[in-house]
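Trainee: Here you go, sequence then predicted model.
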Amino acid sequence: MKTLRIGQLGCGIVGSAVLRLLDHNSYDIAQRVGANLDVAKIAVRTLSKERDIPGGMTSHLTTDPHEVVTDPAVDIVVEVMGGIEPTRALLLEAIDNGKHIVTANKELLASLGAELFDAAEAKGVDLYFEAAVAGGIPLIRPLRESLAGERIRKVMGIVNGTTNFILTRMSEEGCSFAEALGEAERLGYTELDPTADIEGFDPAAKAAILASLAFNTRVVSGDVYREGIADITAQDITYAKRLGYEVKLLAIAEQQNGEVAVRVHPAMIPASHPLASVRENFNAVFVEGEDVGELMFYGRGAGGPPTSVSVVGDVTTVARNILSGGRGPGASWYRKTEVRSIEAMFSQYYVLLNVADRPGVLASVANAFGSHDVSIASVWQEGIGDQAQLVMITHRAREKDIQATLQELRDLEAVTKVASVMRVEGGEA
Ligand SMILES: NC(=O)c1ccc[n+]([C@@H]2O[C@H](COP(=O)([O-])OP(=O)(O)OC[C@H]3O[C@@H](n4cnc5c(N)ncnc54)[C@H](OP(=O)(O)O)[C@@H]3O)[C@@H](O)[C@H]2O)c1
């Protein structure tokens with residue numbers, strides 16, 4: 001049987017799991033591919049670190065990543081090192097040397113992916129990235145291949161496990177954001193610096209990749225409107241539940257008036273929506289197509305072992321392509337679709353107002369909404385006297401109009417505070 005050789009950049013959480021999986025399932029993988037997959041070289045930063053990898057592989061470790069990307073024996077480079085540089089330069093060098101690439105690097109793909117895809121195209125090598133979005137969930141291949149004949153309308157997902165864990169705790173135990181974050185940190189669910197998760201940078205990179213795939217146009221991280229979850233209060237969650245919603249951090253890409261609207265923000269979704277029941281640190285992506293209808297992909301979006309399954313799946317596909325002399329799909333950004341500005345996007349909104357408790361207040365509040373063409377779907381008053389609050393849900397409205405409404409509400413004498421505003425998704429189309 002032929003042998004194909006793998007060079008790996010990185011041997012951390014994902015990288016070590018990839019090596020264990022390749023070793024543990026080596027017989028089955030070889031039978032399924034029709035070739036042995038041997039790991040030839042593994043680049044790391046520190047040789048002395050203790051690693052949970054198969055014993056025989058320790059001798060392949062090197063601190064020089066150039067050895068991996070220039071080794072003539074290496075057929076496939078697996079990049080599980082992360083970051084932008086030197087990763088980008090190393091991958092370009094690998095491609096230039098005719099290596100096929102499997103990467104889990106959402107950050108790099110969502111910002112400078114075009115350069116890598118162009119280089120891979122020019123060189124005729126594969127570039128696979130199943131693990132870059134939603135870790136262990138097969139999602140990229142269904143979007144690129146199984147749904148290639150479909151017109152996708154919308155992709156909406158929970159693609160960050162840390163924030164979903166925090167929101168689940170807030171919803172189920174009534175704790176504050178800070179308490180839930182503390183628990184996530186204690187359980188080791190957060191990065192050393194949790195900003196990328198909490199502030200939505202990580203899901204924004206994934207949203208850019210998903211939007212590019214779903215709508216065949218180039219969307220980069222910087223195009224994605226982004227809000228994090230740090231301002232969500234226990235009160236928002238309580239009201240959401242009373243209204244029949246769950247609060248989730250959603251990555252959304254959809255067609256709106258011929259443009260692509262891509263955003264990441266917390267949103268209320270109906271408790272009956274399939275995404276509402278995605279708990280703890282699980283991920284799920286909901287896809288709506290014109291003919292296929294609704295699909296949902298659910299599973300573990302991070303962690304070494306689940307993510308390694310996606311990486312090794314890509315490696316086996318690339319290996320089969322090498323054996324057959326074929327090549328997988330390249331980037332397919334044949335449309336030049338405008339990315340919609342947030343001001344032009346449509347959504348339903350939840351608005352919580354602290355108000356004076358006296359006759360005529362509701363009328364003046366309703367008038368502020370009406371004067372900006374925002375219609376109210378439901379309203380109820382909570383509390384009396386100084387504690388009076390109006391809890392409102394709008395019909396679908398344009399962001400710009402909602403912002404103008406909020407400005408007018410802030411200027412109303414009857415409104416003491418606009419206490420909270422959140423988008424509502426998964427209801428009206
Ligand atoms: N963790 C997940 O659940 C997950 C899920 C999906 C996708 N991903 C993506 O997978 C990639 C890897 O993530 P991870 O969590 O496995 O990261 P990690 O645990 O920090 O591992 C990074 C590895 O890369 C090595 N490395 C970093 N810079 C290097 C350099 N300049 N030269 C040589 N080696 C270098 C490190 O070496 P040392 O070990 O010597 O420090 C380490 O082995 C990232 O792109 C991430 O976004 C991760």
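Mentor: Noted; the coordinates are in hand. Numbering: from 1, shown residues only.

Trainee: On the pLDDT front, check the residue sitting furthest away from the middle of the chain for me.
Mentor: Residue farthest from the centre of the chain, counting by C-alpha atoms, centre = their mean, is Pro359 at 46.1 Å. pLDDT recorded at Pro359 is 90.

Trainee: tell me the phi and psi of it?
Mentor: Phi and psi for Pro359, reported as degrees, to the nearest 10, are phi -60, psi 140.

Trainee: now it: how far from the ligand?
Mentor: Using C-beta to the nearest ligand atom, to the nearest Å, we find Pro359 at a distance of 56 Å from the ligand. In short, each C-beta sits where N, CA and C put it, glycine included.

Trainee: residues in the stretch 201-350 of the chain within reach of the ligand, list them.
Mentor: Proximity of the stretch 201-350 of the chain to the ligand (C-beta under 6 Å from any ligand atom) is limited to residues 302-303, 307.

Trainee: What values do phi and psi take at Arg335?
Mentor: The phi/psi pair for Arg335 (degrees, to the nearest 10) is phi -100, psi 150.

Trainee: Contacts only, for the nearest residue to it once chain neighbours are set aside.
Mentor: Computed as C-beta to C-beta, 6 or more residues apart in numbering, the closest residue to Arg335 that is not its neighbour in sequence is Thr217, at 4.4 Å. For Thr217, the contacting residues are 211, 260, 333, 335-337, by C-beta atoms under 8 Å, 6 or more residues apart in numbering.

Trainee: mind redoing it with 7 Å?
Mentor: Going by C-beta atoms under 7 Å, 6 or more residues apart in numbering, Thr217 touches 260, 333, 335-337.

Trainee: Same check on Glu246?
Mentor: So Glu246 contacts 171, 240, 269, 271, 276 (C-beta under 7 Å, 6+ apart).

Trainee: tally of neighbours for whatever residue of the chain ends up closest to the ligand?
Mentor: Closest residue of the chain to the ligand, C-beta to the nearest ligand atom: Gly12 (1.9 Å). Counted with other C-beta atoms under 10 Å, the neighbours of Gly12 add up to 15.

Trainee: For Val391, name its beta-bridge partners.
Mentor: Beta bridges link Val391 to Leu352, Trp380, judged by DSSP bridges.

Trainee: Quick check, it in contact with Asn354.
Mentor: No - counting by C-beta atoms under 7 Å, Val391 sits too far from Asn354 to count as a contact (10.9 Å).

Trainee: CA atoms only: put the helix or strand where Val311 lies into PDB for me.
Mentor: Using DSSP states H and E, Val311 falls within helix 304-324. Provided in PDB are the C-alpha atoms of helix 304-324 (Å, rounded to 0.1, in the frame of the first residue of the first chain):
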ATOM      1  CA  GLY A 304      -9.400  18.500  20.900                       C
ATOM      2  CA  PRO A 305     -11.000  15.200  20.100                       C
ATOM      3  CA  PRO A 306     -14.200  16.500  18.300                       C
ATOM      4  CA  THR A 307     -12.100  19.000  16.300                       C
ATOM      5  CA  SER A 308      -9.500  16.400  15.400                       C
ATOM      6  CA  VAL A 309     -12.300  14.300  13.700                       C
ATOM      7  CA  SER A 310     -12.900  17.200  11.300                       C
ATOM      8  CA  VAL A 311      -9.200  17.700  10.700                       C
ATOM      9  CA  VAL A 312      -8.600  14.000  10.000                       C
ATOM     10  CA  GLY A 313     -11.700  13.800   7.800                       C
ATOM     11  CA  ASP A 314     -10.200  16.600   5.700                       C
ATOM     12  CA  VAL A 315      -6.800  14.700   5.600                       C
ATOM     13  CA  THR A 316      -8.500  11.600   4.300                       C
ATOM     14  CA  THR A 317     -10.300  13.500   1.600                       C
ATOM     15  CA  VAL A 318      -7.100  15.200   0.500                       C
ATOM     16  CA  ALA A 319      -5.400  11.800   0.500                       C
ATOM     17  CA  ARG A 320      -8.100  10.300  -1.700                       C
ATOM     18  CA  ASN A 321      -7.800  13.300  -4.000                       C
ATOM     19  CA  ILE A 322      -4.000  12.800  -4.300                       C
ATOM     20  CA  LEU A 323      -4.500   9.100  -5.000                       C
ATOM     21  CA  SER A 324      -7.100   9.800  -7.700                       C
END
